[in-house]
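Colleague: next comes the sequence, and after it the predicted model I'd like to discuss.
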Amino acid sequence: MTRYFVMLTYVAGLLLFGITARGQNQEMQADKPAAIQSADNPFDAYQKFSATLNDGLGRDVNRKFYRSGKLMRFDFPDHHRISDLETRITWLVYPKSCSRVPMLDPGVFPFSRKFRLEHATSAGKETVGSHTCKIEDIVVVSDQPVRTTFNMKLYEAEDLKGFPIKIDVENTGNKAKFTMNYSDVSLEPPDAKLFERPAKCDSLEMKPVGQQKPAKPAAKAPKSVPKPE
């Protein structure tokens, strides 16, 4: 049952954009500063870090996670998950079993997307937690898996090289809205061992981590040949 519950969690996370209640449109603010045009993905700068996630696409609560290049790890009470952003495969690793599924953990957003920044507007500063943050209103476009435009408000912590410790997101296609809140951010590279996975996790089925090949049955004793009289 646990395996099927995990699969349903993935599906629910991936469909969240489509089922989130339609929010009311925010009124346009007058007299905004001049816009900054760029084609850079604002999340590409953060390839190695660790943080704690609250809310977001998967509605996480105090979820510790790590990124090392194309790999991201998410810790849960009874297991951890390792998502490969390139192959879009996630490994679920339990103490005595493991499996892989052909989809990403919802927590990878927005670091999993190949965004194109179309518009950025400075929106002042604000303190979030103990961090002084530069605020930017941006418009980004992702062409995969389908072309989607997002409006985002980034709260970029000045003492963390601009890491966005809070991100307000709106999918302009279906008006789905949610917020990611990050805390305990460290820009130090995580331990490479955190992203290791058991060799037995290459199947789509749940397998014991220490599974061994079944022993060959013992050879049958040869039938006794009657002794000549």
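Modeller: All right, it came through fine.
Colleague: any low-confidence regions in this protein?
Modeller: Low-confidence segments of the chain (pLDDT under 70): 1-39, 202-229.
Colleague: all strands of it, in order?
Modeller: For the chain, the strands defined by DSSP state E occupy 35-36, 48-55, 60-68, 71-75, 80-84, 89-93, 97-101, 115-128, 131-142, 148-157, 163-171, 177-186, 207-208.
Colleague: got the ones you listed as a markdown table, with distance to P42 and mean neighbour count columns?
Modeller: For every residue, glycine as well, the C-beta is placed using N, CA and C. Listed next are those as a markdown table, based on distance: least, C-beta to C-beta, whole Å; neighbours: other C-beta atoms under 10 Å:
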| stretch | distance to P42 | mean neighbour count |
| --- | --- | --- |
| strand 35-36 | 11 | 13 |
| strand 48-55 | 14 | 18 |
| strand 60-68 | 15 | 17 |
| strand 71-75 | 17 | 20 |
| strand 80-84 | 20 | 22 |
| strand 89-93 | 24 | 20 |
| strand 97-101 | 29 | 21 |
| strand 115-128 | 6 | 15 |
| strand 131-142 | 7 | 18 |
| strand 148-157 | 7 | 20 |
| strand 163-171 | 8 | 20 |
| strand 177-186 | 13 | 17 |
| strand 207-208 | 39 | 14 |
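Colleague: any chance of the ones you listed in a markdown table, with distance to C201 too?
Modeller: Output for the strands of the chain, formatted as a markdown table (distance: least, C-beta to C-beta, whole Å):
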| stretch | distance to C201 |
| --- | --- |
| strand 35-36 | 44 |
| strand 48-55 | 22 |
| strand 60-68 | 18 |
| strand 71-75 | 13 |
| strand 80-84 | 9 |
| strand 89-93 | 5 |
| strand 97-101 | 4 |
| strand 115-128 | 30 |
| strand 131-142 | 29 |
| strand 148-157 | 31 |
| strand 163-171 | 31 |
| strand 177-186 | 27 |
| strand 207-208 | 7 |
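Colleague: so which of the ones you listed gets nearest A192?
Modeller: strand 60-68 (6.8 Å; C-beta to C-beta).
Colleague: can you give the distance from that closest one to the centre of its chain?
Modeller: Strand 60-68 sits 8 Å away from the centroid of its parent chain (C-alpha atoms, centre = their mean, to the nearest Å).
Colleague: may I have stretch 56-71 as CSV, with CA atoms only?
Modeller: Backbone C-alpha positions of stretch 56-71 (Å, rounded to 0.1, in the frame of the first residue of the first chain) are rendered in CSV as follows:
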residue,chain,number,x,y,z
GLY,A,56,5.6,24.6,-2.7
LEU,A,57,4.1,22.4,-5.4
GLY,A,58,4.1,19.4,-3.1
ARG,A,59,2.9,21.3,0.0
ASP,A,60,6.0,20.2,1.9
VAL,A,61,6.5,20.7,5.6
ASN,A,62,10.1,21.2,6.9
ARG,A,63,11.4,19.0,4.1
LYS,A,64,15.2,19.0,4.0
PHE,A,65,16.7,18.8,0.5
TYR,A,66,20.0,19.0,-1.3
ARG,A,67,21.1,19.8,-4.8
SER,A,68,24.3,18.7,-6.6
GLY,A,69,24.1,19.6,-10.2
LYS,A,70,21.5,17.4,-11.9
LEU,A,71,20.7,15.5,-8.7
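Colleague: show me what that stretch is in contact with.
Modeller: Contact with stretch 56-71 is made by 9, 13, 16-17, 46-54, 72-76, 82-86, 105-107, 109, 111, 178-181, 184, 189-190, 192, 194-195, as judged by C-beta atoms under 8 Å, 6 or more residues apart in numbering.
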